[in-house]
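1. Following is a predicted model, sequence given first.
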Amino acid sequence: MKIETALYLIPVGISDGPVADVIPQANIDIIRQIHYFIVENVRTARRFLKKVDKDIDISAITFFELNGHTDPMAVSSYLDPLREGNPVGIMSEAGCPGIADPGALAVRQAQHKSLRVIPLVGPSSILLALMASGLNGQNFAFHGYLPVENTEREQKLRELENQSSRNGMTQIFIETPYRNARMAESLFKTLKPDTLLCIAENITDPFNERIVTKTIREWRVSKFETGKVPAIFLFYCLNPKKELKI
């Protein structure tokens with residue numbers, strides 16, 4: 001089936017598990033027909049494409065790199081192949097493009113120019129962690145990275161906890177893997193005993209995935225140690241007057 005002339009938002013695996021376990025066959029069929037990709041990192045993109053199909057001719061593909069070092073003024077030109085009638089794909093380092101990802105800038109440009117944009121189904125660590133946490137999925141916010149310095153981070157955690165308590169909002173954020181243990185320590189120390197905290201590690205990894213939700217009181221006495229691995233942190237303040245306390 002010939003694909004449309006469109007900007008395809010292509011999810012990338014978020015673990016080293018088999019591509020077929022997390023990427024639909026329909027996505028693979030689309031990827032095989034695209035020769036222009038906007039990517040966060042060319043090396044990572046090449047590796048993912050080879051995992052999708054070892055017979056893909058990488059030399060026939062043109063890559064445009066879009067990350068924190070890219071001149072925003074150059075992004076519009078990345079869509080030139082699309083304007084000329086060629087499908088273009090966007091890929092993040094991992095997960096869904098446009099979600100906590102610089103690819104959103106290219107998507108915004110495409111929308112501004114009334115170009116067709118097609119999001120594809122695939123893994124998002126943020127949504128998968130929320131699904132598995134048992135926390136409020138009706139009202140939530142993703143905050144990216146919190147402050148690195150201890151005092152600022154703990155102040156931010158208190159602000160987010162107060163917001164969660166007032167609004168019934170699940171707070172979601174990430175950390176650089178080598179700082180996971182420090183983040184967990186701040187969470188255990190700063191949040192209130194009855195606040196629910198989920199730590200989700202190695203999501204979609206068939207052997208190392210670990211997603212655990214406990215109250216802060218329970219976390220403080222647990223033997224859980226966070227690894228230097230991709231992780232999502234989520235917390236939520238239960239309203240005892242409205243919600244079941246297990």
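-> Good, I have the coordinates. If you're wondering where the values come from, they're calculated on a predicted model, not measured in any experiment.
2. so where is this protein shaky, pLDDT-wise?
-> 240-246 (pLDDT under 70).
3. As a check, name the ranges of all helices in it.
-> Per DSSP state H, the chain carries helices over the ranges 19-22, 25-31, 42-52, 75-78, 80-83, 104-112, 125-133, 150-167, 180-190, 216-221.
4. got JSON lines for those, with mean neighbour count and distance to residue 10 too?
-> C-beta here means a position set from N, CA and C on the backbone, and glycine is covered the same way. Below are those laid out as JSON lines (neighbours: other CB atoms under 10 Å; distance: least, CB to CB, whole Å):
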{"stretch": "helix 19-22", "mean neighbour count": "14", "distance to residue 10": "12"}
{"stretch": "helix 25-31", "mean neighbour count": "15", "distance to residue 10": "6"}
{"stretch": "helix 42-52", "mean neighbour count": "17", "distance to residue 10": "9"}
{"stretch": "helix 75-78", "mean neighbour count": "17", "distance to residue 10": "15"}
{"stretch": "helix 80-83", "mean neighbour count": "17", "distance to residue 10": "14"}
{"stretch": "helix 104-112", "mean neighbour count": "17", "distance to residue 10": "12"}
{"stretch": "helix 125-133", "mean neighbour count": "20", "distance to residue 10": "16"}
{"stretch": "helix 150-167", "mean neighbour count": "15", "distance to residue 10": "32"}
{"stretch": "helix 180-190", "mean neighbour count": "17", "distance to residue 10": "28"}
{"stretch": "helix 216-221", "mean neighbour count": "15", "distance to residue 10": "36"}
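5. Tabulate these in a markdown table, adding columns for distance to residue 91.
-> Putting the helices of the chain into a markdown table (distance: least, CB to CB, whole Å) gives the following:
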| stretch | distance to residue 91 |
| --- | --- |
| helix 19-22 | 13 |
| helix 25-31 | 9 |
| helix 42-52 | 5 |
| helix 75-78 | 13 |
| helix 80-83 | 15 |
| helix 104-112 | 11 |
| helix 125-133 | 15 |
| helix 150-167 | 31 |
| helix 180-190 | 25 |
| helix 216-221 | 35 |
